[in-house]
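S.K.: Below are the sequence and a predicted model for it; my questions follow.
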There are 2 protein chains.
Amino acid sequence: MSRTTLQQIALSLDISVTTVSKALNSYPDVSKKTIERVKEAAERLNYKPNSFAVNLRTQQSKTIGLIIPEIVHQFFSNIVKGVTDEAEKNGYVVIVMQTNQKFNREKETVEFLINKQVDGILIALSDETVDYEHLLRSQNLDTPIVMFDKIANTVACSKVLIDDVKAAYEATEHLIKTGCKELVHFRGPLHSQNAIDRLEGYKIALLDYDLPFKEENVYLCEEMSFDMGREQARKMLDENAKVDGMFINTDLVAVGAMAEIKDRGLKIPEDISVIGFSNWFLSSVITPSLTTVAQPSFSMGKISFNMLLSELTNKRNNTKVTHETIHLPTELIVRDSTLPL
Amino acid sequence: MSRTTLQQIALSLDISVTTVSKALNSYPDVSKKTIERVKEAAERLNYKPNSFAVNLRTQQSKTIGLIIPEIVHQFFSNIVKGVTDEAEKNGYVVIVMQTNQKFNREKETVEFLINKQVDGILIALSDETVDYEHLLRSQNLDTPIVMFDKIANTVACSKVLIDDVKAAYEATEHLIKTGCKELVHFRGPLHSQNAIDRLEGYKIALLDYDLPFKEENVYLCEEMSFDMGREQARKMLDENAKVDGMFINTDLVAVGAMAEIKDRGLKIPEDISVIGFSNWFLSSVITPSLTTVAQPSFSMGKISFNMLLSELTNKRNNTKVTHETIHLPTELIVRDSTLPL
DNA sequence: CTAAAAATCGAAAACGTTTTAGTGTTAAAA
DNA sequence: TTTTAACACTAAAACGTTTTCGATTTTTAG
């Protein structure tokens, strides 16, 4: 019951292996008639090319690596979906690997995928990553990289992301316009470009509306968890009784903060308004429902794959590869955790 | 900057390619001394085996396929995590593909992975699947299959799942013991073995506690969505005013149902108790928090991979492969959507 | 010191494909 | 008629490993 090979088709038709191969790949220098015959025979014998041989010969695997911090996460699982869907349409297959936000694992993973000889890599950086040697090495070894969402500004490669500054600005602005005066921001990890940009957007909005930016109103969340949200909210409520608006880096953290606020007997949004980020499904079903910023995760996955694909085909055709950065639009989703305008 | 090959190492040491290969793989018929020399040279030249060549020669790719209905789903993304973690530890890589609960896509996907020559396949069946030809074909073509969670009883292969009957029994029992008299069940799709078994557990519990089983108290949810939960709850509330307990196939559906119940001004659990299934994170943060059945998704992934791995190694050693079925324990997580005991 | 055994190495085949560089045959152009 | 050009096909090399089967050398035993 072993697989049929070109050899066997050639034998059964009494022509050469070369011709069979060319016929199957529709080379111009094989007659219509033999193309017919070969294709018929291939069908009849249920021929499927041996991908190991094809890979070896063509030096490409039609496989890409996808590196994310964590798959059990609505945003990233949507990314995976976007990438795999698009990859499949183009005959590519994707290997998913996680870093669990550890820089060392990120290095190992990149190394591993290069050794596995994937055609290219899609990566969202770990929040710990500040050294980019491993990524440059990948590029040197001719494995193109496209970054998405969690990127490094200094690495020269294509990138697809959202405009975090703008999104954060709009969220903060909404808090201000609905009457909040004392605004707190729960920021993400120090090295995360997302976190840096969102903080920046928050700052600019404050300045634009003549509200003072206070260092002590920025709370650091080293990890994006429910518990961290609760913990920092506890700290905040102990320290600052005047807070009436919060812009929080991530929905999950926001939900944790809301739990603490509710436990203290404070009302959302009457006492404190809350805005999250990412528009997890979660946010629409908690009480009160959470105002948040929607990020296009599925299409970010699709677009990232397509950018990588175009780099791969460019490389194959020896046309110059150019890097571009795409910003995807975000949308403020207004729900019940903020006051009406 | 091209990769170093065995050839190059051989040349630089003035020995044969054969010996280099053997040295690297620690064959017994190569001296300690040359093993040293070769390994040193390999290190120095940064040799990494060309996996395409290795695949072709050994006829295995150290790659497995993982087929799931839908990745944007807490249960399945946890499965993916379990599988990939365990695979990585064993030098395997996993290709994730989704069926979106479509039988046709499931067939195509299996076919695709076989053609890609993965070493084995891990699959959770689509809810539509009632025909298993494609799976048998895979086995005939020597690609082992292990099923998890959504399985087909009639296919001979290893399986890892939970005891849905028992889990459903315990959930229903809990509703009864907390005083519910009129119990409704929201069941899953008709062909889903999970749904069938959970319905069975619900039935048996009713019988054991001398409560009548009423056909009209079972509501069919064709898809496991928030909206479906809401819709069926609406129907239920219109039809049956006496309902005081609900056992629902999936947390997400339960959350939808809860939304409708709350919108009608009914109290959970005072008027109606609700139990879900799967213990999504969601369930712990909604109001009221949802009593549910915890399923071990992460370890299910790990165990599934290990079962496949042992089949693969057995196959390699020509030892007989035996199929086994493993049942993983579930746990009833009591929260605020049910009355105290 | 010789024969047998063990240790060490290498030539070559094989995995199945793609592509280069032709060869021969036929049709069109001179 | 000869020369070109177009057409249809193929032998062989190449991709980089692994493994079989001998060959050669070294060690051990008698």
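M.R.: That came through fine. Numbers count the residues shown, from 1 in each chain, chains lettered A, B, ... in the order given.
S.K.: Checking residue A:161 next. Helix, strand or coil?
M.R.: strand (DSSP: H, G, I helix; E, B strand; the rest coil).
S.K.: That one pairs with what?
M.R.: When assigned by DSSP bridges, residue A:161 has beta-bridge partners residue A:327.
S.K.: ok, the helix or strand where residue A:282 lies near chain B or not?
M.R.: In this structure, residue A:282 sits in helix A:281-285 according to DSSP states H and E. Yes: Helix A:281-285 comes into contact with chain B (CB under 8 Å from any CB of the partner chain), by way of A:281-282, A:285. Glycine gets a C-beta too; all of them are placed from N, C-alpha and C.
S.K.: Which members of those residues are classed as buried?
M.R.: Those of the residues of helix A:281-285 next to chain B that meet the buried threshold are A:282, A:285, by 16 or more other CB atoms under 10 Å in any protein chain shown.
S.K.: now residue A:4: how far from residue B:59?
M.R.: Counting by CB to CB, to the nearest Å, the gap from residue A:4 to residue B:59 is 15 Å.
S.K.: typo on my end, residue A:168
M.R.: For residue A:168, the distance to residue B:59 - CB to CB - is 53 Å.
S.K.: For those two, work out which one has more neighbours and name it.
M.R.: Using other CB atoms under 10 Å in any protein chain shown as the criterion, residue A:168 and residue B:59 rank with residue A:168 on top: 29 against 11.
S.K.: how is chain A carved up into domains?
M.R.: Listed by automatic domain parsing, the domain ranges of chain A are A:6-49, A:62-161+A:298-328, A:164-295.
S.K.: okay if I get those domains as TSV plus mean pLDDT?
M.R.: What follows is the domains of chain A, written out as TSV (pLDDT from 0 to 100):
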stretch	mean pLDDT
domain A:6-49	95
domain A:62-161+A:298-328	93
domain A:164-295	97
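S.K.: could I get these as JSON lines with distance to DNA strand D?
M.R.: Below are those laid out as JSON lines (distance: least, CB to the nearest atom of the strand, whole Å):
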{"stretch": "domain A:6-49", "distance to DNA strand D": "3"}
{"stretch": "domain A:62-161+A:298-328", "distance to DNA strand D": "10"}
{"stretch": "domain A:164-295", "distance to DNA strand D": "37"}
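S.K.: Save those as TSV, and put in distance to residue B:177 too.
M.R.: Shown next, in TSV, are the domains of chain A (distance: least, CB to CB, whole Å):
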stretch	distance to residue B:177
domain A:6-49	57
domain A:62-161+A:298-328	33
domain A:164-295	28
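S.K.: I'd like to know which of the ones you listed is closest to residue B:39.
M.R.: Residue B:39 sits nearest to domain A:62-161+A:298-328 of all the domains of chain A, at 16.9 Å, using CB to CB.
S.K.: what about the closest one, start to end distance?
M.R.: Domain A:62-161+A:298-328 has an end-to-end distance of 27 Å (CA to CA, to the nearest Å).
S.K.: quick check, it touching DNA strand C?
M.R.: No: between domain A:62-161+A:298-328 and DNA strand C, judged by CB under 7 Å from any atom of the strand, nothing touches; the nearest distance is 9.8 Å.
S.K.: Please report phi then psi for the closest residue to residue A:339 other than its chain neighbours.
M.R.: Closest residue to residue A:339 apart from its sequence neighbours, by CB to CB, 6 or more residues apart in numbering or on different chains: residue A:178 at 4.2 Å. When read as degrees, to the nearest 10, the backbone of residue A:178 gives phi -90, psi 10.
S.K.: Is it correct that residue A:178 is in contact with residue A:273?
M.R.: Yes: Residue A:178 lies in contact with residue A:273 (CB atoms under 8 Å); the separation is 6.4 Å.
S.K.: which residues do these two both contact?
M.R.: Both residue A:178 and residue A:273 are contacted by A:245, A:338-339, under the criterion CB atoms under 8 Å, 6 or more residues apart in numbering or on different chains.
S.K.: Counting by contacts, list what the lengthiest helix in chain A packs against.
M.R.: Longest helix of chain A, by residue count under DSSP state H: helix A:297-316. Contacts defined by 3 or more CB pairs under 8 Å, 6 or more residues apart in numbering or on different chains; DSSP states H and E place helix A:297-316 against helix A:74-89, strand A:120-123, strand A:145-148, strand A:158-162, strand A:325-328.
S.K.: show me where chain A has helices.
M.R.: A:6-13, A:17-24, A:32-44, A:51-58, A:74-89, A:103-115, A:133-140, A:164-177, A:193-208, A:226-239, A:251-263, A:281-285, A:297-316.
S.K.: Contacts for the shortest one, please.
M.R.: Residues outside helix A:281-285 that contact it (CB under 8 Å, 6+ apart): A:74, A:251-252, A:254-255, A:276, A:289-290, A:292, A:333, A:335, B:226, B:255, B:259, B:281-282, B:285-286.
S.K.: How far does it sit from its chain's centre?
M.R.: 20 Å (CA atoms, centre = their mean, to the nearest Å).
S.K.: for the last one, same thing?
M.R.: Averaging C-alpha coordinates over helix A:297-316 and over its chain gives two centres that are 12 Å apart (CA atoms, centre = their mean).
S.K.: Stretch A:83-101 close to chain B?
M.R.: Yes: on the criterion CB under 8 Å from any CB, stretch A:83-101 is in touch with chain B at A:84-85, A:88, A:93-98.
S.K.: hey, C-alpha coordinates of that stretch in PDB?
M.R.: Extracted in PDB, the C-alpha atoms of stretch A:83-101 (Å, rounded to 0.1, in the frame of the first residue of the first chain):
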ATOM      1  CA  VAL A  83      -3.000  33.300   9.900                       C
ATOM      2  CA  THR A  84      -4.000  29.700   9.400                       C
ATOM      3  CA  ASP A  85      -7.000  30.500   7.400                       C
ATOM      4  CA  GLU A  86      -5.000  32.700   5.000                       C
ATOM      5  CA  ALA A  87      -2.100  30.300   4.900                       C
ATOM      6  CA  GLU A  88      -4.300  27.400   4.000                       C
ATOM      7  CA  LYS A  89      -5.800  29.300   1.100                       C
ATOM      8  CA  ASN A  90      -2.300  29.700  -0.200                       C
ATOM      9  CA  GLY A  91      -1.200  26.100   0.300                       C
ATOM     10  CA  TYR A  92       0.900  27.000   3.300                       C
ATOM     11  CA  VAL A  93       0.900  25.400   6.700                       C
ATOM     12  CA  VAL A  94       1.600  27.000  10.000                       C
ATOM     13  CA  ILE A  95       3.500  25.800  13.000                       C
ATOM     14  CA  VAL A  96       2.400  27.600  16.100                       C
ATOM     15  CA  MET A  97       4.800  28.100  19.000                       C
ATOM     16  CA  GLN A  98       4.500  30.000  22.200                       C
ATOM     17  CA  THR A  99       7.000  31.900  24.200                       C
ATOM     18  CA  ASN A 100       5.000  32.300  27.400                       C
ATOM     19  CA  GLN A 101       6.400  35.900  27.500                       C
END
